[in-house]
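Asker: structure of the sequence below:
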Amino acid sequence: MRISTKTLFETATTQIGTLQSQLSRTQMQLSAQRRLLTAADDPIASARALEVTQSQSMNTQFGTNRQNARASLSLVDQTLMGVVGLIQDVQSLVVDAGNGTYTPTDRAAKATELEGRLTDLLGLANTADGIGGYLFSGYMTTTQPFSQTPTGAQYQGDQGNRSMQVGSARKMGVSENGSAIFEANLTGNGDFQTLAAAANTGSGIISPGAVTDRSKLTGHDYAISFAVTGSPPVTTYDVVDNSATPPSTVVTGAPYQAGASITFDGMSFDIKGDPADGDTFTVQPSQKQSIFETITNLIATLRAPAEGSSGKAALANGLNTASLNLKNSLDNVLTVEASVGARLKELDYLDSSGDDLDIQYTATLGTLQDLDYTKAISLFLQQQMTLQAAQQSFKSVSGLSLFNYLNF
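Answerer: Below is the predicted model:
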């Protein structure tokens with residue numbers, strides 16, 4: 001079979017070009033330290049590597065989100081710790097203010113100290129978040145949460161809690177609104193509250209009471225009215241349900257005994273001291289009251305005259321009410337603080353899980369993309385030797401010509 005010189009050169013050039021291309025690809029793999037240079041190298045592995053890379057990028061972003069969430073929740077937690085300490089200070093002042101030897105001047109001094117505590121509490125409630133907004137204003141981050149009013153403070157934010165995606169299946173709240181922290185505090189014992197009328201002239205002091213039978217609770221407003229008649233004087237009381245239409249009498253003409261339990265409609269409490277004729281006490285369902293209003297009312301109680309048995313009774317009733325409401329406020333703040341702490345703990349677990357996922361993604365990508373150096377270097381040397389052999393053989397073959405043997 002005769003092969004033309006042109007065909008010989010074209011075939012050899014094509015073969016050498018193919019060998020050079022193969023050698024170049026292996027050299028690029030070694031340089032890039034990757035087995036896959038293009039999707040054409042392994043379409044299935046390339047598609048899978050793309051999915052894993054995207055998942056790894058999302059996992060990295062979740063890690064960044066968790067860092068931001070931790071910073072926000074840590075600031076909330078630190079602020080709430082300050083609120084807890086401040087409420088505990090106010091509770092100590094309430095206990096101290098009940099000292100029977102205090103003069104009006106002493107109580108006025110305590111009231112002035114409480115005004116400072118109220119200002120401090122407003123400062124904590126209006127804490128900035130460090131990025132140009134406020135910590136407890138809900139979604140209205142640029143609006144100051146609270147402004148002081150004659151009766152306490154008014155909330156100007158909303159009920160929203162900002163959240164952040166901290167995992168593929170976990171969206172976590174990274175803030176708390178001020179209303180839930182400072183305003184969602186139940187009065188009384190959490191089911192009902194007992195109050196003495198401001199116009200009372202006797203020395204009756206009412207206890208917070210407790211629920212004896214929850215199934216009998218009506219949620220109605222009641223009034224306990226005292227009457228002192230006869231000689232020697234006999235004190236009796238009536239209990240009227242003011243929520244009924246028309247108001248109905250629950251208890252009529254019951255004899256009063258100081259410290260004895262007064263029980264009706266699943267509630268029980270006692271009244272100590274000597275109520276005067278016409279004195280009235282109320283029993284109402286617990287309502288939500290802001291801690292600012294509680295402290296403001298406490299200040300007013302300390303500034304009010306406390307002379308005589310009626311004045312001392314009014315002071316005692318006011319201090320008892322404030323003490324119970326402060327306890328409820330403290331419990332509410334501690335509940336929110338516990339929730340924040342639980343989320344911070346969860347972030348630690350999510351970080352650990354995220355680190356494990358990152359290791360897994362890296363290992364998977366290594367399996368799909370990493371180069372087997374031993375195999376690649378062996379292949380490179382083999383291809384290099386093959387190319388050199390092809391070049392040498394082509395040189396020899398291309399030198400074969402009849403003209404080399406003819407003498408002219």
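
Asker: host element of residue 140?
Answerer: If you go by DSSP states H and E, residue 140 is not part of any helix or strand.

Asker: and the residue nearest to it when sequence neighbours are not counted, what does it touch?
Answerer: Sequence neighbours aside, residue 157 is the residue nearest to residue 140 in space, at 4.9 Å (criterion: Cβ to Cβ, 6 or more residues apart in numbering). For every residue, glycine as well, the C-beta is placed using N, CA and C. Residue 157 sits next to 134, 136, 137, 138, 139, 140, 143, 145, 177, 178, 179 when contact means Cβ atoms under 8 Å, 6 or more residues apart in numbering.

Asker: just those now: which is nearest residue 231?
Answerer: Set against residue 231, the nearest of these by Cβ to Cβ is residue 179 (55.3 Å).

Asker: residues contacting the nearest residue to that closest one once chain neighbours are set aside?
Answerer: Closest residue to residue 179 apart from its sequence neighbours, by Cβ to Cβ, 6+ apart: residue 155 at 5.1 Å. Residue 155 sits next to 145, 146, 178, 179, 182, 183, 290 when contact means Cβ under 8 Å, 6+ apart.

Asker: pLDDT wise, what is the residue nearest to residue 140 at?
Answerer: We have a pLDDT of 92 for residue 157.

Asker: that one and residue 347: what is the separation?
Answerer: Distance of residue 157 to residue 347, given as Cβ to Cβ, to the nearest Å: 25 Å.

Asker: could you do residue 364 as well?
Answerer: From residue 364 to residue 347 the distance is 25 Å (Cβ to Cβ).

Asker: okay, these two: which has more neighbours?
Answerer: residue 347 (23 against 17; other Cβ atoms under 10 Å).

Asker: elements contacting the helix or strand containing the more buried one?
Answerer: Following DSSP H and E, one finds residue 347 within helix 308-369. Packed against helix 308-369 by the contact rule (3 or more Cβ pairs under 8 Å, 6 or more residues apart in numbering; DSSP states H and E) you find helix 43-97, strand 163-167, strand 170-173, strand 192-196, strand 205-206, helix 291-303.

Asker: quick one: which of these is nearest residue 112?
Answerer: Here helix 291-303 is closest among those (Cβ to Cβ), at 8.6 Å.

Asker: now that closest one: how far from the chain's centre is it?
Answerer: Relative to its chain's centre, helix 291-303 lies at 29 Å (Cα atoms, centre = their mean, to the nearest Å).

Asker: buried stuff in that helix?
Answerer: Buried residues in helix 291-303, counted by 16 or more other Cβ atoms under 10 Å: 291, 292, 293, 294, 295, 296, 297, 298, 299, 301, 302.

Asker: PyMOL command to pick out the buried ones of the contacts of residue 157?
Answerer: Isolation of the buried members of the contacts of residue 157 (16+ other Cβ under 10 Å) is achieved in PyMOL through the command below:
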select buried, resi 134+136+137+138+145+177+178+179
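
Asker: check the gap between residue 294 and residue 106 for me.
Answerer: Relative to residue 106, residue 294 is positioned 21 Å away (Cβ to Cβ).

Asker: could you do residue 307 as well?
Answerer: 14 Å.

Asker: avg pLDDT for the helix or strand containing residue 389?
Answerer: Assigned by DSSP H and E, residue 389 belongs to helix 373-398. For helix 373-398, mean pLDDT rounds to 72.

Asker: equivalent analysis for stretch 310-326, please.
Answerer: Per-residue scores along stretch 310-326 average to 94.

Asker: ok, residues contacting that stretch?
Answerer: Looking at what lies outside stretch 310-326 - Cβ under 8 Å, 6+ apart - the contacts are 87, 90-91, 94-95, 97-98, 100, 185, 187-189, 193, 195-196, 198, 200-208, 273, 276, 289, 291, 294-295, 297-298, 301-302, 304-306.

Asker: just confirm residue 391 contacts residue 15, I think it does.
Answerer: No - in this structure, residue 391 is not within contact of residue 15 by Cβ atoms under 8 Å, at 10.1 Å.

Asker: so between residue 307 and residue 106, which is more surrounded?
Answerer: Neighbours were counted for residue 307 and for residue 106 using other Cβ under 10 Å; residue 106 has more, 14 against 9.

Asker: what's downstream of whichever strand or helix holds the more buried one, the next helix or strand?
Answerer: For residue 106, the enclosing helix or strand under DSSP H and E is helix 104-125. Next in sequence after helix 104-125, counting helices and strands by DSSP H and E, comes strand 146-149.

Asker: what stretches of this structure score poorly on pLDDT?
Answerer: Low-confidence segments of the chain (pLDDT under 70): 1-5, 8, 23, 26, 29-42, 46, 366-373, 376, 380, 394-408.

Asker: could you break it into its assigned domains?
Answerer: 40-187+288-370, 192-286 (automatic domain parsing).

Asker: closest to residue 10 out of the ones you listed?
Answerer: domain 40-187+288-370 (26.4 Å).
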